[in-house]
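Visitor: Need coordinates for the following:
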Amino acid sequence: MNKRIFAAMAVAGLLFAGCSSNSSSSTASSAAAGETSNTAYVATDDGSEISATVTKKDGKVTAIQIDQTTEDGSSKKELGADYNMKSASGIGKEWNEQIEYLENYMVENGIDSVKLNSDGYAENEDVKSGCTINLKQIMEAVDEANAK
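Guide: You can find the predicted model right below:
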């Protein structure tokens, strides 16, 4: 008899545990992570839009995501090799490859480490070795997202 009561109580306990919500624990773990992401958008003269998202944890930049949406709504990152920049690139890299290099460079060396000349191209030799595109408006978006 005691075994039946114990078994019934154990089943009831499992049922109630399965119905409880765990949203407060996921909220707490998100808050405990101390991670924030801010996105900024910059419109370009050709009708496209640059987006930059800067993610920080405890005040340190941990990730940067940059993309540019063309006038027809295509994402340059999603286009990848279909954007066909490789042949025009002095370093033989597509737009998405150059942006990925820039994103990683800024996470490792800091956003302020990227120096631009008056035309908007990188002055840093280490940046130019992986990214030769015009960065003027890209860095405007990154700086704006970082400042939020």
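Visitor: Could I get the contacting residues of residue 66?
Guide: 50, 51, 52, 53, 99, 102, 103, 138, 141, 142 (Cβ atoms under 8 Å, 6 or more residues apart in numbering). The C-beta positions use only the backbone N, C-alpha and C, and glycine is treated the same way.
Visitor: and if you look at residue 94?
Guide: 80, 81, 83, 85, 86.
Visitor: so which of those comes closest to residue 127?
Guide: residue 85 (17.1 Å; Cβ to Cβ).
Visitor: Next, the contact list for the nearest residue to that closest one once chain neighbours are set aside, please.
Guide: In this structure, residue 85 finds its nearest non-sequential neighbour in residue 95, 4.7 Å apart by Cβ to Cβ, 6 or more residues apart in numbering. Residue 95 is in contact with 68, 76, 77, 79, 83, 85, 133, counting by Cβ under 8 Å, 6+ apart.
Visitor: any idea whether the most centrally placed residue in the chain is helix, strand or coil?
Guide: Centroid-nearest residue in the chain: residue 65, 3.0 Å away (criterion: Cα atoms, centre = their mean). Per DSSP: H, G, I helix; E, B strand; the rest coil, the secondary structure class of residue 65 is strand.
Visitor: related to what we said a few turns ago, state the distance from the residue nearest to residue 85 to residue 40.
Guide: According to Cβ to Cβ, to the nearest Å, residue 95 and residue 40 sit 19 Å apart.
Visitor: do residue 103 as well
Guide: Residue 103 sits 15 Å away from residue 40, going by Cβ to Cβ.
Visitor: Could you check stretch 119-126 and say which residues are buried?
Guide: Buried residues in stretch 119-126, counted by 16 or more other Cβ atoms under 10 Å: residue 122.
Visitor: Name the spans of the protein whose pLDDT lies under the cut-off.
Guide: 1-33 (pLDDT under 70).
Visitor: so residue 56 makes contact with residue 107?
Guide: No - Residue 56 is beyond contact range of residue 107, at 10.5 Å (criterion: Cβ atoms under 8 Å).
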